[in-house]
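**Q** Give me a model of this one.
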Amino acid sequence: MPLATRVSAYLFLLLSLLGCGEKEDAPAPPKAPATNSLTLVTMTPAAGAKVSKESIISATLNYTLADDEASAFGYRVDLLFKPTVSGVTFTRGQSWVVVPDKKGTVELTFPLISVWETPASVPYQLQHPVTCYFYLQRMTGPGQSTIIARTPALTFTE
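**A** The predicted structure is shown next:
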């Protein structure tokens, strides 16, 4: 066999073994994992508005739970407030709504009188001006939760 034919045969064999002779379809890029989200749609009074102890906060929020979210205790959207103590949030009374599906919209109403004035013996006092947060929470046990999404801080004037 002539040298040129042998070299061609070896090159063909080598390129075939290396996979250079034929292109395969490139694999699809991996999909970004779905994430938990919570978005404030409307709120009255609006952030920055003047509030008093007689004010009632009403909000509509959109939420999404990631596909892999699972909790035997469920999920909820809660409204919490900034106290005079740093590093925590608090609330009093019914400030939450249960999340019924993986994705949807919830409405929440909360009277500020519930947190406005509290006796000095109560551990958390409302910081003024009033700042609140909406949290999407994974319930981990009775009365226990983990925050999995949140809105930015919303501050009012007085």
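**Q** and after the worst-scoring helix or strand of the chain on mean pLDDT, which helix or strand comes next?
**A** The weakest-scoring helix or strand in the chain, judged by mean pLDDT, DSSP states H and E, is helix 3-18 (a mean of 50). Sequence-wise, the next helix or strand downstream of helix 3-18 (DSSP states H and E) is strand 37-44.
**Q** Report the distance from that next one to the chain centre.
**A** Chain-centre distance of strand 37-44: 12 Å, with C-alpha atoms, centre = their mean, to the nearest Å.
**Q** elements contacting it?
**A** Where contact means 3 or more C-beta pairs under 8 Å, 6 or more residues apart in numbering; DSSP states H and E, strand 37-44 is packed against strand 56-64, strand 131-141, strand 144-150. For glycine as for every other residue, the C-beta is placed from the backbone atoms N, C-alpha and C.
**Q** Would you mark the buried spots in it?
**A** Residues of strand 37-44 classed as buried by neighbour count (16 or more other C-beta atoms under 10 Å): 38, 43.
**Q** Other residues contacting that strand?
**A** The contact list for strand 37-44 (C-beta atoms under 8 Å, 6 or more residues apart in numbering) reads 57-64, 77, 105, 134-136, 149-151, 154.
**Q** Just the buried ones among these, please.
**A** 57, 59, 61, 63-64, 77, 134-136, 149-151, 154.
**Q** need those in JSON lines with pLDDT and distance to Ser121, can you?
**A** Below are the buried ones among the contacts of strand 37-44 laid out as JSON lines (pLDDT from 0 to 100; distance: C-beta to C-beta, whole Å):
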{"residue": "Ile57", "pLDDT": "98", "distance to Ser121": "26"}
{"residue": "Ala59", "pLDDT": "98", "distance to Ser121": "30"}
{"residue": "Leu61", "pLDDT": "98", "distance to Ser121": "33"}
{"residue": "Tyr63", "pLDDT": "97", "distance to Ser121": "36"}
{"residue": "Thr64", "pLDDT": "96", "distance to Ser121": "40"}
{"residue": "Val77", "pLDDT": "98", "distance to Ser121": "30"}
{"residue": "Phe134", "pLDDT": "98", "distance to Ser121": "28"}
{"residue": "Tyr135", "pLDDT": "98", "distance to Ser121": "26"}
{"residue": "Leu136", "pLDDT": "98", "distance to Ser121": "32"}
{"residue": "Ala149", "pLDDT": "97", "distance to Ser121": "34"}
{"residue": "Arg150", "pLDDT": "97", "distance to Ser121": "29"}
{"residue": "Thr151", "pLDDT": "97", "distance to Ser121": "31"}
{"residue": "Leu154", "pLDDT": "98", "distance to Ser121": "28"}
